[in-house]
Each structure stands twice: as C-alpha cells, then as structure tokens.
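In: Quick one, fold the following:
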Amino acid sequence: MTVYLLANNEYDENCYCVLDNGHHCLVIDPGCQAQSVKDFLREEEAELRGILLTHGHFDHITSAQELSEWAGVPIIAAKAEAALLKDPSLNLSAFALNKGISLVPTRLVEDGETIDILYEPLQVIATPGHTPGGVCYYMEDDGIVFTGDTLFREAVGRTDFPLSDSEALTKSINERLFVLPPKTEVYPGHGRSTYIAHERKVHGQAY
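Out: From the prediction side, this is the model:
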C-alpha cells in the first residue's frame, strides 16, 4: 500500500491518495484538490474506488461531491457526522466559501466497521471531539492511521468550533489512538506525518 500526499496550499489541508498493488485508489479528505486528484489518477493510471471523509469541515470535503460524480464512486463518512456535513453553518462552508456545502454521503459508517475497497481493509475508529462524528481510518497490516483533525504532529485538533468537545477529544486520543501499536504511522489532516510512539512521548502517556 502506498500513500501519496496532495497538499492544499490555501488551507494547508492534507488530501491522501491510497494506492494498492492493483492500482485501486481511495481518496481521503479531498479538500479543494479535485484537479490534483484527477491528475494523479491519470498519471498513475489508477482507478478511484471511493472517497473517505475523516470529518465534515469544509476544508476537508469541498471536492468530495465533484469527485464522486466524476468517477461514480461512493462518499463514505461517519453516521454521527451526517448533520454537520449537511449544514453549511456547522461545516463552516457558509462562512469560508462563496456558497455553502450541503453534503449527503453515500454510505454512513460507525465505529468498528471495516471498509473493504482496497486489497487491505480499513477499520473505522470513532474519535469524536474536534467534531461529533470525527473518525480515523486504521490499516493494521500496513501500520498506518489517518487521523484527520483529531491528532497532528505534536498537536491536537481545535475544539473552539460549533459542536466541538475538548473532553471528548482528549478521551478519543487517549483511549482510541494512543492504544495503537507505537510504530503506527500517523497521517494527519494538516502538517507532517508522525508516529504514535512520538505523540505518546510528547503528550505524555495520558494526554
């Protein structure tokens, strides 16, 4: 499994293209990178199989509908995030963009579900706090986790947005992410990648 980063210079948001050996691709959090994703797929001669959202803020979802319609693939997000995705005031698109985004995912998932689109499955880990339905996607065999805006390199997600909850975020990081194997590589929604071991050391065993 190979992970490619397509960074968004405007909002410093990380969009990831995950490619398996059969050139099947998943896109995680396509912010404003629709054209970059299309160019990547053409260059790699890859087939887009689905779009995964870690949470519903506008900088992570702006291109999701366009790419879904362009490739005819599902948009997958947490059931607990459905209301935020649909409401432009909650997903912040009403304030940040010329027009609001109201997104209805194709498939709604819950904690513990497995997404079998690539050769290696992804496990859904519910990590509420930054948003009510924030999730991470864990690939155990490859030892990688996509954390969205829950956990960054030496930082954690903001909790000053509508529906954010600082106590829930702390619990999610301690009980859902810091229990992963120390060598697990973390691909966050912003900034550089890191490792669970490093973050446990930076934040202390109990963040």
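In: biggest helix in the chain by residues?
Out: Longest helix in the chain by number of residues, with DSSP state H as the criterion: helix 34-44.
In: What is that one packed up against?
Out: Under the contact criterion of 3 or more C-beta pairs under 8 Å, 6 or more residues apart in numbering; DSSP states H and E, helix 34-44 touches strand 2-8, strand 13-19, strand 24-28, strand 47-52, helix 64-71. Where C-beta positions appear, they are placed from N, C-alpha and C, glycine not excepted.
In: That helix relative to strand 13-19, how many degrees between them?
Out: Orientation of helix 34-44 against strand 13-19 (axes from the mean of the first three to the mean of the last three C-alpha atoms, to 10 degrees) gives an angle of 20 degrees.
In: Could I get the buried residue list for helix 34-44?
Out: Of all the residues in helix 34-44, those buried under the rule 16 or more other C-beta atoms under 10 Å are 34, 36-38, 40-41.
In: again, but for stretch 13-27
Out: Neighbour counts using 16+ other C-beta under 10 Å place 13-20, 24-27 of stretch 13-27 among the buried residues.
In: got it, and stretch 154-171?
Out: Buried residues in stretch 154-171, counting neighbours by 16+ other C-beta under 10 Å, are found at 156-157, 159, 163-164, 168-170.
In: List the residues that contact the residue nearest the centre of the chain.
Out: Geometric centre of the chain, nearest residue: residue 54, 3.0 Å, by C-alpha atoms, centre = their mean. By C-beta atoms under 8 Å, 6 or more residues apart in numbering, the contact list for residue 54 reads 28-29, 60, 134-137, 146-150, 189.
In: Sitting in helices, which of those residues do you find?
Out: Judged by DSSP H, those include residue 60 as members of helices.
In: Dump the contacts of residue 54 to a markdown table, plus distance to residue 121.
Out: Shown next, in a markdown table, are the contacts of residue 54 (distance: C-beta to C-beta, whole Å):
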| residue | distance to residue 121 |
| --- | --- |
| 28 | 14 |
| 29 | 19 |
| 60 | 22 |
| 134 | 20 |
| 135 | 15 |
| 136 | 14 |
| 137 | 10 |
| 146 | 14 |
| 147 | 18 |
| 148 | 19 |
| 149 | 23 |
| 150 | 20 |
| 189 | 21 |
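In: so, if you compare the contacts of residue 54, which one comes nearest to residue 204?
Out: residue 150 (17.1 Å; C-beta to C-beta).
In: per-residue confidence at that closest one?
Out: On the pLDDT scale, residue 150 is placed at 98.
In: again, but for the one 4 residues further on
Out: Per-residue confidence for residue 154 comes out at a pLDDT of 97.
In: Quick one: neighbours of the nearest residue to it once chain neighbours are set aside, just the number.
Out: Setting aside the residues directly before and after it, residue 154 is nearest to residue 202 in space (C-beta to C-beta, 6 or more residues apart in numbering), at 5.1 Å. Neighbour count for residue 202, taken as other C-beta atoms under 10 Å: 12.
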